[in-house]
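Peer 1: This is a predicted model, with the sequence first.
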Amino acid sequence: MGSTNVGRQAQSSTQQIDQQRKLADAKAYRQKLLAQESSSVAQRKGVADHHDSPGYGKELEVDKAQKHAKQNQKSVDGKATFSQSLFNMCNILMGVGLLGMPKVFSCAGWYGGFIVLFLFSLITWWTSILIGRELNGDPRPSSFFDDSPYKSPLQPGSTAGARMLRPISSFPDIARSSFGGFGAIILSSVLYFELFSCLAIFFVSLGDHMHVLVPRLSTVQHQIIMAFVLIIPTAFLRTPKLLSYLSMVGTFATISVVSAVFLAYLVVGDISNEAALRKFGKEEPPYRKEWDASGLPLALGLMAYTFSGHAIVPSIYSSMSKPQEFERMITCTFLIVTFCCFLVAFSGYCMFGDIVDDQITISLETAHIPHAHFALTILMWLMVLTAFSKFTLSMFPLSLGIEEIAEPFLVGETTKEIASNVIRYGLILGSLLVAIFVPSFSFLCSLVGLVCTMIVSVIFPAGAHLKMFGPKLSMFEKIIDVVFVIFGSISCVVGTIATIG
């Protein structure tokens, strides 16, 4: 009995120890779970507090905006957007030629002016599209392709979806691909002649406007003074980055001219009778005509000069982030430019009729419109700055091209610097002499338009299109190209003879 009781007591003691150990283990386990739960709650609370902080939402928006901007910057890669390309193209086309739009109607009459304006805008619109297709290396519309021509993984001619030829990036390259090295030399010579002629046109415009503003000095005296003034920017502004600031003057002046002519017409209406009395001392109606075939060559040349700018199309095309939108951009550009040209031509011709000057701004200034003298004087000075800036802008590529031709024959940096200055000052002197001996703004613009613009903007794009893609073109496209070449050639030869004669 005694031994049995001792065994039972020992067994009971062992069970109690085991039970206490289990209770201790269970307590430790619960404490561990509680500790984990507390840590989790603390973490969740910390996150919640972080999200609820006042600046967290704003920081998220800033980060998101920065990421979006970086993505856009990578995708655009420094290229121009559609709107930027549209602005640049409009700025190129709407230059000082816009001032002569009413003179177009004065030369050819109402019907002739309308025909010349809309016909030539249609022709140059299409040749601009042809240049884009030549740069793209394929006769199909640029919107047909999804990729950039300069980054396409497809080899030219490899598949139906690939481009027919290797893409081109410059105007001389188009000439070289179509007509060989000799064709590129001819085209470059025409472009250089056009730039030099533009320098003379800017001198004429400067002299005419300055003479109206300061009539004590003659037009020639003003031109000579401006020639000396132009030496300063010609000598110091030698990089495109510095020259680019001058282009903004031309943009603002273009908007001002279109607005001023239209608003003046709305305010004063027809003042051709008063203009005739001031100019001739007597009334000489009628002041407008419906048709004048004898004035068509001069009108066509003026219009051609206004729509010249095709030599810059390759730069615009290659700078676009989406070249597939090129043709749509060109269409929008020509709609805007044609509308502005029509607005200036219609308003100016309605106001002054055949009494209108070569440059509409001069007619506005001398019309003595009530309460508008100060605004028109500012506009005149703005046109002076425009001609001044465009002279410098045109001088840069012309002098640079001549310097590149002369560079192989020059030794030493000092010699090259002297030659560079001689070339620039020689161009100023040469263009000044042309402006003095041929002081007619409309005649010079018309001559440049008939000779240079007809070759660069009509004959060359159509001929290159036919030469590059002839076997792939439809019969209709071939006929259009041939018609453009014939029209440009006849206009160039016959128009120039008629204008000079």
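Peer 2: Okay, I see it.
Peer 1: Could you report the pLDDT at the residue lying closest to Asp146 once chain neighbours are set aside?
Peer 2: Distance criterion C-beta to C-beta, 6 or more residues apart in numbering; nearest residue to Asp146, sequence neighbours excluded, is Gln324 at 7.1 Å. Any C-beta I mention is one placed from the backbone N, CA and C, and that applies to glycine too. Among the per-residue scores, Gln324 shows a pLDDT of 88.
Peer 1: List the residues that contact the nearest residue to Val257 once chain neighbours are set aside.
Peer 2: Spatial nearest neighbour of Val257, excluding adjacent residues (C-beta to C-beta, 6+ apart): Leu98 at 6.2 Å. Taking C-beta atoms under 8 Å, 6 or more residues apart in numbering, we find Leu98 in contact with Thr254, Val257, Val258, Thr306, Cys340, Cys341, Val344.
Peer 1: tell me which of those residues is nearest to Ile402?
Peer 2: Taking C-beta to C-beta as the measure, Ile402 lies nearest Thr306 of the contacts of Leu98, at 26.6 Å.
Peer 1: gap between that closest one and Gly100?
Peer 2: With distances defined as C-beta to C-beta, to the nearest Å, the gap from Thr306 to Gly100 amounts to 7 Å.
Peer 1: now swap in Thr338 and tell me
Peer 2: 15 Å.
Peer 1: okay, those two: which has more neighbours?
Peer 2: Remark: of Thr338 and Gly100, Gly100 carries more neighbours, 31 against 19, as counted by other C-beta atoms under 10 Å.
Peer 1: wait, what's in contact with the more buried one?
Peer 2: Residues in contact with Gly100, defined by C-beta under 8 Å, 6+ apart, are Leu302, Tyr305, Thr306, Asp358, Gln359, Ile360, Phe441, Ser442, Cys445.
Peer 1: Just the element for Met101, please.
Peer 2: Following DSSP states H and E, the helix or strand that holds Met101 is helix 101-136.
Peer 1: Which strands or helices does whatever helix or strand comes next after that helix pack on?
Peer 2: Under the assignment DSSP H and E, the closest C-terminal helix or strand after helix 101-136 is helix 171-213. Using 3 or more C-beta pairs under 8 Å, 6 or more residues apart in numbering; DSSP states H and E as the contact criterion, the elements in contact with helix 171-213 are helix 101-136, helix 219-236, helix 313-319, helix 360-366, helix 373-406, helix 413-437, helix 441-448, helix 460-469.
Peer 1: any idea of the angle helix 171-213 forms with helix 413-437?
Peer 2: Following axes from the mean of the first three to the mean of the last three C-alpha atoms, to 10 degrees, one obtains 60 degrees for the angle between helix 171-213 and helix 413-437.
Peer 1: Renumber starting at 56 from here on
Peer 2: Sure thing, new numbering starts at 56, so read that last one as helix 226-268.
Peer 1: For helix 226-268, the averaged confidence score.
Peer 2: Summarised as a single mean, pLDDT over helix 226-268 is 89.
Peer 1: Now the element after the helix or strand bottoming out on mean pLDDT in the chain, going C-ward?
Peer 2: Within the chain, judged by mean pLDDT, DSSP states H and E, the helix or strand with the poorest mean is helix 111-131; its value is a mean of 45. Once helix 111-131 ends, the next helix or strand along the chain (criterion: DSSP H and E) is helix 137-148.
Peer 1: In CSV, please show the C-alpha coordinates belonging to that following helix.
Peer 2: C-alpha atoms of helix 137-148 as CSV (Å, rounded to 0.1, in the frame of the first residue of the first chain):
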residue,chain,number,x,y,z
PHE,A,137,3.2,69.3,-85.3
SER,A,138,2.3,72.8,-84.0
GLN,A,139,6.0,73.9,-83.9
SER,A,140,6.6,72.7,-87.5
LEU,A,141,3.4,74.5,-88.6
PHE,A,142,4.6,77.7,-87.0
ASN,A,143,8.1,77.5,-88.5
MET,A,144,6.7,76.8,-92.0
CYS,A,145,4.2,79.7,-91.8
ASN,A,146,7.0,82.0,-90.6
ILE,A,147,9.2,81.1,-93.6
LEU,A,148,6.5,81.6,-96.2
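Peer 1: Determine which residue lies closest to the centroid of this protein.
Peer 2: What sits nearest the mean C-alpha location of the chain, by C-alpha atoms, centre = their mean, is Asn143, with 2.0 Å.
Peer 1: Nearest residue to that residue in space, please, no chain neighbours.
Peer 2: Excluding the flanking residues, the one nearest Asn143 by C-beta to C-beta, 6+ apart is Ile371, at 5.9 Å.
Peer 1: one step back: distance of the residue nearest to Val312 relative to Gly403?
Peer 2: Spatial separation of Leu153 from Gly403 under the definition C-beta to C-beta is 10 Å.
Peer 1: what do you get for Val477?
Peer 2: Plainly put, Val477 is 42 Å away from Gly403 if you go by C-beta to C-beta.
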